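Colleague: Can you look at this prediction? I've put the sequence above it.
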Amino acid sequence: MIDKASSLYEKTCKCRHCQASFTTKRVRGGSLTMEHRDSDFYTRFKEQSLNPILYTVNVCPACGFSFTDQFKEKLTPREKDLVNEQIAAKWTPKDFGRIRNVPEAIVSYKLAIFAAELTDQPHSVKAGLYLRLAWLYRSLEMTAEELRLIGMAVDEYELSYIHSDYSRGDKEMSEVRLLYLIGELYRRVEKYDLAIRYFGKALSYRNTTIESGIIRMAQDQWQLAREEYKEKQKSSKIG
Ligand SMILES: [Zn+2]
């Protein structure tokens, strides 16, 4: 059994709204054993209760403003007013700085999504929140909720592609990776024509990208999307 306490450490954060200083848990790099990586990059670990996505969101215990490290550093005066009215004024102090279970992590994402929408965070930041929340629902096998969030994530990723803000939310995100991910999320919500179009865009980087793993995944998932599309057309004719 892995010792939970020793795999976590305390990180000190400063609230981007009220400037209060507080601590939150983070997972120590290298303390987990990867078990499986889903085709949309959700990584499952042998120690699922220590999945780092449980600890992505920082929740200020003083005012309730919830954010990730990718949020904008500063809020505008108007955004501050909105956060005061809609979050801080309604907040009952609660500490998310301890060990989190999945339902608690889900609450932290809902708080961060509300804060992100209120303060106009980049599309890529919102997309990342929706996708991670979808993964948490997947881990609970709550498929309807998962797919609803995947649908919201793909809309934001598409806007992030159009506005080229994708490296803001995730430093590892390249254009080819983003195109692949948009395709894969569309495939999961059964929008096969769009999935095929985005896999095609990813595959056009075949000769220019060093991310050959992504190209292979795009080929496999493009093939799968085409087969699923045909199946769906067949069954809708029969049905
Ligand atoms: Zn605060």
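Modeller: Yes, it's here.
Colleague: Identify the residue spatially nearest to residue 53, adjacent ones excluded.
Modeller: residue 132 (4.9 Å; C-beta to C-beta, 6 or more residues apart in numbering). All C-beta spots, glycine's among them, are computed from the backbone N, C-alpha and C.
Colleague: And the pLDDT at the one you found?
Modeller: You'll see residue 132 listed with a pLDDT of 98.
Colleague: Now for it, how many residues are close by?
Modeller: 22 (other C-beta atoms under 10 Å).
Colleague: Equivalent analysis for residue 30, please.
Modeller: Neighbours of residue 30 (other C-beta under 10 Å): 6.
Colleague: How about the backbone phi and psi for it?
Modeller: phi 80, psi 0 (degrees, to the nearest 10).
Colleague: how much space is there between it and the ion?
Modeller: Using C-beta to the ion, to the nearest Å, residue 30 is found at 31 Å from the ion.
Colleague: do residue 121 as well
Modeller: Distance of residue 121 to the ion, computed by C-beta to the ion: 16 Å.
Colleague: Ok, residue 204 next?
Modeller: 45 Å.
Colleague: Could you look up the SS state of residue 26?
Modeller: Taken by DSSP: H, G, I helix; E, B strand; the rest coil, the conformation at residue 26 corresponds to strand.
Colleague: returning to that earlier point: tell me which element the residue nearest to residue 53 falls in.
Modeller: In this structure, residue 132 sits in helix 123-139 according to DSSP states H and E.
Colleague: could you point out which element follows the lowest-mean-pLDDT helix or strand in the chain?
Modeller: Least confident helix or strand, the chain: helix 166-169 with a mean of 69, by mean pLDDT, DSSP states H and E. Using DSSP H and E, the helix or strand that follows helix 166-169 in sequence is helix 175-188.
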